[in-house]
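Engineer: Take a look and give me a structure for this.
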Amino acid sequence: MSSLRQAALKRLARREHSRLELEQKLSTLGTAEEIAAVLDHLEQTGLLSDARMAAAYLASHAARFGTLKLRHTLRTKGISEELIDSCLSEGLASEETRALQAWRRKFAHPPGDAREWAKQARFLQSRGFSGDAIRKVLKAPVDDNA
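Structural biologist: A predicted model of the protein is given here:
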C-alpha cells in the first residue's frame with residue numbers, strides 16, 4: 001500500500017488529477033480496494049480534490065477553448081456536472097470574448113469571402129466555441145487597435 005500511495009503522490013506532484021484519472025493510472029499497481037483506500041485517504045487529507053483539478057484545468061485551458069470543449073474534457077476526467085457548472089460560471093470571460101481572443105491569435109484579417117469565413121468558423125468550432133459565439137466573432141467589425 002505504501003508504494004501505491006507513493007505512486008499517487010508522485011503523479012499529484014506533477015499536476016492536479018481527478019479521482020477517476022488517478023484511479024485509472026494506478027489500476028495496474030494494486031487491487032481496486034487498495035486503490036480506493038489510498039484515494040479516500042488522499043481526499044480526506046486534501047491532497048486529491050476534483051474541484052481543485054477542475055479549477056486548475058480551466059485556468060490553463062479556458063483562454064484557448066470554448067465552453068463545449070471544456071465541459072466535455074472535464075466530463076471525461078470524471079468531474080461531476082454540478083462541479084463543472086460551478087467552475088464554468090466562476091470567473092471565466094464570456095465565450096464571445098474568449099472566441100475573439102482565440103480568433104485574433106490565429107487570423108490576421110476578417111474573412112473576405114465565404115470560403116475564408118468557413119475556414120475561420122471551422123477553426124473556432126474545433127476549439128469548442130458555440131455557433132452563436134462564432135457568428136458574433138466573424139460578423140463583428142474588427143478593431144485593429146484592440
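Engineer: in this structure, what spans have low per-residue confidence?
Structural biologist: Applying pLDDT under 70 to the chain picks out residues 1, 91, 140-146.
Engineer: what residue is smack in the middle of it?
Structural biologist: The chain has residue 70 as the residue nearest its centroid, 4.0 Å off, counting by CA atoms, centre = their mean.
Engineer: May I have the helix or strand containing that one as CSV, with CA atoms only?
Structural biologist: Assigned by DSSP states H and E, residue 70 belongs to helix 67-76. Extracted C-alpha coordinates of helix 67-76, given in CSV (Å, rounded to 0.1, in the frame of the first residue of the first chain):
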residue,chain,number,x,y,z
THR,A,67,-17.3,26.0,-23.2
LEU,A,68,-18.4,22.9,-25.1
LYS,A,69,-14.9,21.5,-25.3
LEU,A,70,-14.0,22.5,-21.7
ARG,A,71,-17.2,20.8,-20.4
HIS,A,72,-16.6,17.6,-22.5
THR,A,73,-13.0,17.3,-21.3
LEU,A,74,-13.9,17.8,-17.6
ARG,A,75,-16.7,15.2,-18.0
THR,A,76,-14.2,12.7,-19.4
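Engineer: Now find how far off-centre that helix is within its chain.
Structural biologist: In terms of CA atoms, centre = their mean, to the nearest Å, the centre of helix 67-76 is found 6 Å from the chain centre.
Engineer: Now that helix: buried residues?
Structural biologist: 67-71, 73-74 (16 or more other CB atoms under 10 Å). From N, CA and C alone the C-beta is placed, and that goes for glycine too.
Engineer: following that helix, which helix or strand comes up?
Structural biologist: Using DSSP H and E, the next helix or strand after helix 67-76 towards the C-terminus is helix 81-89.
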